[in-house]
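[1] pasting the sequence and the predicted coordinates here, then a few questions.
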Amino acid sequence: MKKVDLKKEMKHLYQPSAKEVAQIDVPTMNYLMVDGEGDPNTSQAYSDAVEVLFMVSYAVKFMVKKGASAIDYGVMPLEGLWWADDMSRFTTTDKSNWKWTMMIMQPSFVTPEIIDSAIADVKKKKNPPAIYKLRLEAFAEGRCAQILHIGPFSEEGPTIEKVHQFIDSKSKRTGKHHEVYLNDIRKADPAKWKTIIRQPMQ
C-alpha cells in the first residue's frame, strides 16, 4: 500500500515558520466546504459544520485506502475563511456577525465520485444535520502571506497584525482571512495550539 504524507509534500503551505512571515503561492486545490455564520464558540451550525467535514473526510480516506488505488494518507487539517459583511465590525469582541466557510482539503487523487459515495455513506449511517450544506469546490487562493501562531485564538491579534504589515509594505490585502488549525483544540493545551494565519494579497 502506498503511503502519502500530504503535509510533508506541501511543507511550504502547512508547516510555516512561527518566526517570520513568508510569501507563498497557493495552488488551486479541492476542498469539502460548509458555509455558515455566527459565533464559532456558541453556534450549533459551526459545530455541525466541523462534525460533518471530519466525518466525510474520514469516510473518503477509508474508501481510498480500501479502493483500487490503495493509498493511505492522513486527513488534512480543518481550515476556515472568516469575514463580515461590514469588515469594520469584524472584531474579536463580538463574533455574532462573523461569516465563515469551514473546509478540509481533499487530495488530488480523490475523485468527485469517491466524495459522492462517502457523503451517501455518512448520510445513510449517521445523517448529520449539516450533510445537506456540504459541497466540494476547487479553491484558488494564489499569492498569500502566512505565519504560524502558537497559543490561544484570543492572542492572535499581534500575529495577524504582523501579516498585515508584511503585505501592506509590499502590496494590498485581498480575499478573506484564512486560518488553518494544525491540532485538535479539544485535546491540546491552548498554550500549544498551532494555527496558520494566512492572508491573500495582490
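    On my side now, so go ahead.
[2] surely residue 130 and residue 55 touch.
    No: under the criterion of C-beta atoms under 8 Å, residue 130 is not in contact with residue 55, lying 9.3 Å apart. (Each C-beta comes from the backbone N, C-alpha and C, glycine too.)
[3] quick one: residue 18 is in a strand?
    No: under DSSP: H, G, I helix; E, B strand; the rest coil, residue 18 sits outside any strand and is assigned coil.
[4] list the contacts for it?
    Applying C-beta atoms under 8 Å, 6 or more residues apart in numbering, one finds that residue 18 lies in contact with 147-150.
[5] count of residues packed around the closest residue to residue 67 other than its chain neighbours?
    Sequence neighbours aside, residue 114 is the residue nearest to residue 67 in space, at 7.3 Å (criterion: C-beta to C-beta, 6 or more residues apart in numbering). Residue 114: 18 surrounding residues under other C-beta atoms under 10 Å.
[6] and residue 114, how far is that from residue 121?
    10 Å (C-beta to C-beta, to the nearest Å).
[7] what do these two both touch?
    Between them, residue 114 and residue 121 share the contacting residues residue 63, judged by C-beta under 8 Å, 6+ apart.
[8] can you tell me the centre-most residue of the chain?
    Closest residue to the average C-alpha location of the chain: residue 79 at 1.1 Å, with C-alpha atoms, centre = their mean.
[9] tell me where the protein has strands.
    2-4, 22-26, 29-37, 71-73, 78-83, 99-106, 135-139, 142-150, 177-181, 194-200 (DSSP state E).
[10] report all helices and strands that the second one contacts.
    Contact analysis of strand 22-26 by 3 or more C-beta pairs under 8 Å, 6 or more residues apart in numbering; DSSP states H and E lists helix 11-14, strand 142-150 as its packing neighbours.
[11] now do the buried residues in it.
    Within strand 22-26, the residues scored as buried using 16 or more other C-beta atoms under 10 Å are residue 26.
[12] again with stretch 194-202
    194-201.
[13] how about the strands of the chain in a markdown table, adding distance to residue 61 and mean pLDDT?
    Formatted as a markdown table, those follow (distance: least, C-beta to C-beta, whole Å; pLDDT from 0 to 100):
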| stretch | distance to residue 61 | mean pLDDT |
| --- | --- | --- |
| strand 2-4 | 11 | 94 |
| strand 22-26 | 22 | 98 |
| strand 29-37 | 12 | 98 |
| strand 71-73 | 7 | 97 |
| strand 78-83 | 14 | 96 |
| strand 99-106 | 10 | 97 |
| strand 135-139 | 15 | 98 |
| strand 142-150 | 25 | 98 |
| strand 177-181 | 18 | 97 |
| strand 194-200 | 21 | 98 |
